[in-house]
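Undergrad: structure of the sequence below:
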Amino acid sequence: MDHPEHLSPEHMPSDQPYHRGYVAIIGKTNVGKSTLMNRLVGAKLSIVTSKPQTTRRRIIGIASGPSHQIIFLDTPGILTPRYGLQKRMLVAATRAIKEADLVLWMIDVSAGTSAAEECGLVLPRIGKGKAVVLALNKIDLVRKEKLLPLIDEYQKRVGPESIVPMSALTGDGVDRLVGEMVVRLPIGPPYYPPDTLTEHPERFFVSEIILEKIFERYGEEIPYSSCVEIEEFSERPERKDFIRANVYVEKKSQKAILIGRGGTALKKVGELARRDIEELLGRPVYLELWVKVRPGWRKSERDLRRLGY
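TA: I've put the predicted structure just below:
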């Protein structure tokens, strides 16, 4: 990764060391990575749904404090890939690990997965020599007496810099987690101004919001066969911004389901997405959605590159 230029010394507090660096948030699918990053950054940058594999691309969120700046890399969940899109998602997660100064490995302790299974899937992706902080997430959903044996086992298997029981949803343990990360980051001037939350353009988040609404409103097949491309994004003075987005699916039958009878299903997706987009941008928008069939896009290297994966 090409780091941005450092800011000038006046951006640094003079009475204490300033820590800054990149932290890759990794873990299996649906363990709470996006929920945690949104809480740490203080804004909804990563989409969050109850379905796994919602995050498909690496998303950057920046959290700045008086003595630190953490650039978080929210990554797709680590899994055994079955087709091209999932392979690209795994590549994105692996690349983030290599580029980060520190790895934040999140584990859902409420899932009942054994430490052996968890480590067998994730640990080979981290490799040797990389500093790791282990976050045991969703402790609000398990009895405390179950945590101690888990902590002991992960300490033996992983040997992380620190293990922090926490809850991304309630915020329990999050302050301690931040502290454990900050002290392990390099000392130096910040990379970004303190009010910067991300480096992604607005159209990136618009496409993510539309995809989120599709994940929320449809069953298993449709969300995973869908992707969103922003075809036009025009700011219009004295008028609503104009956004035209294409939603690609793989089959004609999926297109019919996505649109719904008389277009009612797609219209609802548009209404919900527009509301969140206007909240994100802070201005009114006119959102136009088109559903198109692109057979096998999840397996096509050409399509995946064209669609930004």
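Undergrad: for this structure, which segments count as helices?
TA: 33-41, 84-99, 115-126, 147-158, 174-182, 202-217, 221-224, 252-259, 264-281, 301-306 (DSSP state H).
Undergrad: of the ones you listed, which is nearest residue 136?
TA: Closest to residue 136 of these, according to Cβ to Cβ: helix 147-158, at 6.5 Å. Every C-beta, even on glycine, is put in place using the N, C-alpha and C of the backbone.
Undergrad: distance from the chain centre to the closest one, please.
TA: Chain-centre distance of helix 147-158: 26 Å, with Cα atoms, centre = their mean, to the nearest Å.
Undergrad: low-confidence stretches in the stretch 1-150 of the chain?
TA: Within the stretch 1-150 of the chain, the segments meeting pLDDT under 70 span 1-15, 47, 49-52.
Undergrad: make it 90
TA: 1-16, 29-30, 34, 42-60, 74-86, 88-93, 112-114, 127-129, 143-146 (pLDDT under 90).
Undergrad: all the strands of it, in order from the start?
TA: 19-26, 59-65, 68-74, 102-108, 132-137 (DSSP state E, counting those that start in this stretch).
Undergrad: so residue 308 makes contact with residue 57?
TA: Yes - the pair residue 308 / residue 57 is scored as a contact, 7.0 Å apart, by Cβ atoms under 8 Å.
Undergrad: the two: which is more packed in?
TA: residue 57 (17 against 14; other Cβ atoms under 10 Å).
Undergrad: roughly how far does residue 186 sit from residue 63?
TA: Using Cβ to Cβ, to the nearest Å, residue 186 is found at 16 Å from residue 63.
Undergrad: who's more crowded, the two?
TA: Higher neighbour count among residue 186 and residue 63: residue 63, with 20 against 11, using other Cβ under 10 Å.
Undergrad: out of the helices of the chain, nearest to residue 234?
TA: For residue 234, the closest of those is helix 202-217, at 10.7 Å, according to Cβ to Cβ.
Undergrad: so which elements touch the closest one?
TA: With contacts defined as 3 or more Cβ pairs under 8 Å, 6 or more residues apart in numbering; DSSP states H and E, helix 202-217 has these neighbours: helix 221-224, strand 227-234, strand 241-249, helix 264-281.
Undergrad: what angle separates the longest one from helix 252-259?
TA: Meaning helix 264-281. Inter-element angle recorded for helix 264-281 and helix 252-259: 60 degrees (by axes from the mean of the first three to the mean of the last three Cα atoms, to 10 degrees).
Undergrad: for the record, mean pLDDT for helix 264-281?
TA: Helix 264-281 carries an average pLDDT of 95.
Undergrad: quick check: angle from that helix to strand 227-234?
TA: For helix 264-281 against strand 227-234, the angle by the same axes, to 10 degrees is 60 degrees.
Undergrad: tell me the angle helix 264-281 makes with helix 202-217.
TA: 140 degrees.
Undergrad: how about helix 264-281: buried residues?
TA: Under the neighbour-count criterion of 16 or more other Cβ atoms under 10 Å, helix 264-281 has 265-266, 269-270, 272-274, 276-277, 280 buried.
Undergrad: just send those residues back as CSV, with distance to residue 207 too.
TA: Below are the buried residues of helix 264-281 laid out as CSV (distance: Cβ to Cβ, whole Å):
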residue, distance to residue 207
265, 19
266, 16
269, 13
270, 14
272, 15
273, 10
274, 13
276, 12
277, 10
280, 12
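Undergrad: now for the residues you listed: which two are most distant?
TA: By the measure Cβ to Cβ, 265 and 280 form the most distant pair in the buried residues of helix 264-281, at 22.9 Å.
Undergrad: neighbours of the residue nearest to residue 104 when sequence neighbours are not counted, just the number please.
TA: Nearest residue to residue 104, sequence neighbours excluded (Cβ to Cβ, 6 or more residues apart in numbering): residue 25, at 4.9 Å. Neighbourhood size, residue 25 [other Cβ under 10 Å]: 28.
Undergrad: wait, isn't residue 25 in contact with residue 72?
TA: Yes - between residue 25 and residue 72 there is a contact at 5.8 Å, judged by Cβ under 8 Å.
Undergrad: list residues touching both of those two?
TA: Counting by Cβ atoms under 8 Å, 6 or more residues apart in numbering, the contacts common to residue 25 and residue 72 are 37, 104.
Undergrad: name the nearest residue to residue 73, sequence neighbours excluded.
TA: residue 96 is the one closest to residue 73 (Cβ to Cβ, 6+ apart), at 4.2 Å.
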